[in-house]
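S.K.: here is a sequence with its predicted model. Questions after.
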Amino acid sequence: MLRVWCAVAVCLLVAGTAGADDLSKRLTAAIATPALEGARVSVYVVNLGDGSVRFSHHAERALIPASNMKILTALAALSMFGPTHQFVTKLYADVQPGNDGTIDVLGVRGGGDPALTSEQWWRLAADLRVLGIRRIKRGLLLDATRFDSEYWHPEWGVISARAYNAPVGALNANYGAYSITVRGGAWPGEPVSALIDPPVAHLRLINRAKTVASRAPAELAVDRRRLEAGEEVVVSGQVRAGSARQTHYRSVLQPVHYAGSVLRMQLEANGIEVGTQTRVGTIGAEMPLLMSFEGEPLAQITSRFLKYSNNAIAETLVKAMGAHRQRLRSSTAAQPGSWRNGVVAMRDELEGLGIDLTDMVITDGSGLSYENRLTSVALVSALRIASDSFQFGSEFQAALPIAAADGTLEKRARSSAEKVRAKTGLLTRVTSLSGYANNAEGERLVFSILVNGFRRGAQSAMSAVDAIAFELTR
């Protein structure tokens, strides 16, 4: 019996070695694809069960991670706050509402909730109605002092009007963005339809677009500019007659006023009359608390954050971590949340979990900055910690996009359908993919793929990265 057992053990060892060599050959060949020629590529693969390294290719090379930075942001936030944490928006009134439900001013103090949508602002307004509020005589006082007033990171360069470049403040609505749905007329010369959602007074539409013939050139531009009160949304260019509706997403320039305008709309939708004044300032101690509104649990926010790679959530979480750490250290002289103290808090939290960030650069939480530098080893370390965590591991893993099924992988990695859960990343000449894979032998692998400086198109580079991930599932 002893001889038989030894023979089986040797066979298993030989088979395991052969399997590892085969995987290395296949991954090496996948990296050598023409689509990645001239690029700097870092790949690291570990068996999640026993921690053995299955493949390593320049794994210690620090590269730009793009949106794979969000893995670290999500991990740090879940660790610091816990998956059930809810960010709180506080409402104040100059006096308790009388029999007629009238107050003079409604104060709104942002608590850094990164996921207050129009629907949640409606729920908040409905809760105020339940409290008996029927009229706010003068208007709104908006307090966003939990964070600083630097709405865009200085390392992001030129800020576009695209939704992914949304501002980051302590009082938000709809991730600092809105949509414009445009549809051409049935015939050339007919007016172009343009609708803003949400239809708030803060956003004023200027529609200069024209309907042109079905074969004429069609170029549409949607931009915005700051006004003394509000923002002007300018739609210009040409739309082909009879063409399908097209929706464009844009960011706001004044996030606090925008949030106030969404709240005003929802208050009025709930039958609460609101005075014309909207002021941004600090709510004093003399204004008593009327109500605290708890937002979605962080677990739900993380799912939306990672599945759809939401930059606004990422950066709001970074500032929230900074504000939280400041409050813990000094309740009286705490500094507002900022990128500076948020990144420090984030690094401390990650290093406390056991991730070695030596010689790595964390500039922001979304990965928009080209100054960020991570290794595939660090990302695999973070993914392993998340997988092992009883506190938040399940919530983290469930938040990752599933290959060929949902999120940013919905239309990608079809050959690895439902065998890969991973975070995508894309910037100009940068792409990444890090997460978990199941192979045919039932092994669960954790991997990170970072690519910088690819010379061919982004689609070719992403397809090459998907092909590397596919080799892990074979």
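M.R.: Perfect, I can see it now.
S.K.: so who does the residue lying closest to residue 213 once chain neighbours are set aside touch?
M.R.: The spatial neighbour of residue 213 that comes closest, neighbours along the chain excluded (C-beta to C-beta, 6 or more residues apart in numbering), is residue 188 at 4.9 Å. All C-beta spots, glycine's among them, are computed from the backbone N, C-alpha and C. By C-beta atoms under 8 Å, 6 or more residues apart in numbering, residue 188 lies in contact with 211-213, 216, 241.
S.K.: got CSV for those, with pLDDT, secondary structure and distance to residue 333 too?
M.R.: Shown next, in CSV, are these (pLDDT from 0 to 100; DSSP: H, G, I helix; E, B strand; the rest coil; distance: C-beta to C-beta, whole Å):
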residue, pLDDT, secondary structure, distance to residue 333
211, 96, strand, 59
212, 96, strand, 61
213, 95, coil, 65
216, 92, coil, 62
241, 94, coil, 63
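S.K.: just the buried residues of those residues.
M.R.: 211-212, 241 (16 or more other C-beta atoms under 10 Å).
S.K.: surely residue 422 and residue 403 touch.
M.R.: Yes - under the criterion of C-beta atoms under 8 Å, residue 422 makes contact with residue 403 at 7.3 Å.
S.K.: so what sits against both of these two?
M.R.: Common contacts of residue 422 and residue 403 (C-beta under 8 Å, 6+ apart): 409, 469.
S.K.: who's more crowded, these two?
M.R.: Legend: neighbour count by other C-beta atoms under 10 Å for residue 422 and residue 403, higher for residue 422 (32 against 27).
S.K.: wasn't that one part of a helix?
M.R.: No - counting by DSSP: H, G, I helix; E, B strand; the rest coil, one finds residue 422 to be strand, located in no helix.
S.K.: just the element for the residue nearest to it when sequence neighbours are not counted, please.
M.R.: Closest residue to residue 422 apart from its sequence neighbours, by C-beta to C-beta, 6+ apart: residue 435 at 2.7 Å. Assigned by DSSP states H and E, residue 435 belongs to strand 430-438.
S.K.: who does that strand touch, helix- and strand-wise?
M.R.: Using 3 or more C-beta pairs under 8 Å, 6 or more residues apart in numbering; DSSP states H and E, the elements in contact with strand 430-438 are helix 376-388, strand 420-427, strand 444-452, helix 458-473.
S.K.: what mean pLDDT does stretch 335-342 get?
M.R.: Per-residue pLDDT over stretch 335-342 has a mean of 97.
S.K.: got the buried residues for that stretch?
M.R.: By 16+ other C-beta under 10 Å, the buried positions in stretch 335-342 come out as 336-339, 341-342.
S.K.: go through those residues and name the one nearest residue 397.
M.R.: Residue 397 lies nearest to residue 342 out of those, by C-beta to C-beta, at 24.5 Å.
S.K.: tell me how far that closest one lies from residue 129.
M.R.: Per C-beta to C-beta, to the nearest Å, residue 342 is found 35 Å from residue 129.
S.K.: for residue 409, same thing?
M.R.: Distance from residue 409 to residue 129, by C-beta to C-beta: 41 Å.
S.K.: if we can go back for a sec, from the contacts of residue 188, which single one is nearest residue 201?
M.R.: Relative to residue 201, the closest of those is residue 211; by C-beta to C-beta it sits at 27.6 Å.
S.K.: may I have the beta-bridge partners of that closest one?
M.R.: Going by DSSP bridges, residue 211 is paired in beta bridges with residue 239.
S.K.: wait, what's in contact with it?
M.R.: Residue 211 makes contact with 184-185, 187-192, 238-241, according to C-beta under 8 Å, 6+ apart.
S.K.: one more time with 10 Å
M.R.: When contacts are counted by C-beta atoms under 10 Å, 6 or more residues apart in numbering, residue 211 is found next to 183-193, 218, 238-243.
S.K.: in strands only, show me these.
M.R.: Using DSSP state E, the subset of these located in strands is 183, 193, 238-240.
S.K.: show me which of those are buried.
M.R.: Buried among the ones in strands among the contacts of residue 211 (16+ other C-beta under 10 Å): 183, 238-240.
S.K.: thought residue 38 was touching residue 461?
M.R.: No - the criterion here is C-beta atoms under 10 Å, and residue 38 misses it with residue 461 at 11.1 Å.
S.K.: so what sits against both of those two?
M.R.: Residues touching both residue 38 and residue 461 (C-beta under 10 Å, 6+ apart) are 453-455.
S.K.: need those in CSV (columns: neighbour count, distance to residue 135 and pLDDT).
M.R.: As requested, the shared contacts of residue 38 and residue 461 are exported to CSV (neighbours: other C-beta atoms under 10 Å; distance: C-beta to C-beta, whole Å; pLDDT from 0 to 100):
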residue, neighbour count, distance to residue 135, pLDDT
453, 14, 60, 98
454, 22, 60, 97
455, 13, 63, 95
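S.K.: state the pLDDT value of the spatially most central residue of the chain.
M.R.: Centre of the chain computed as the mean C-alpha position; nearest residue by C-alpha atoms, centre = their mean is residue 310, 2.1 Å away. pLDDT for residue 310: 98.
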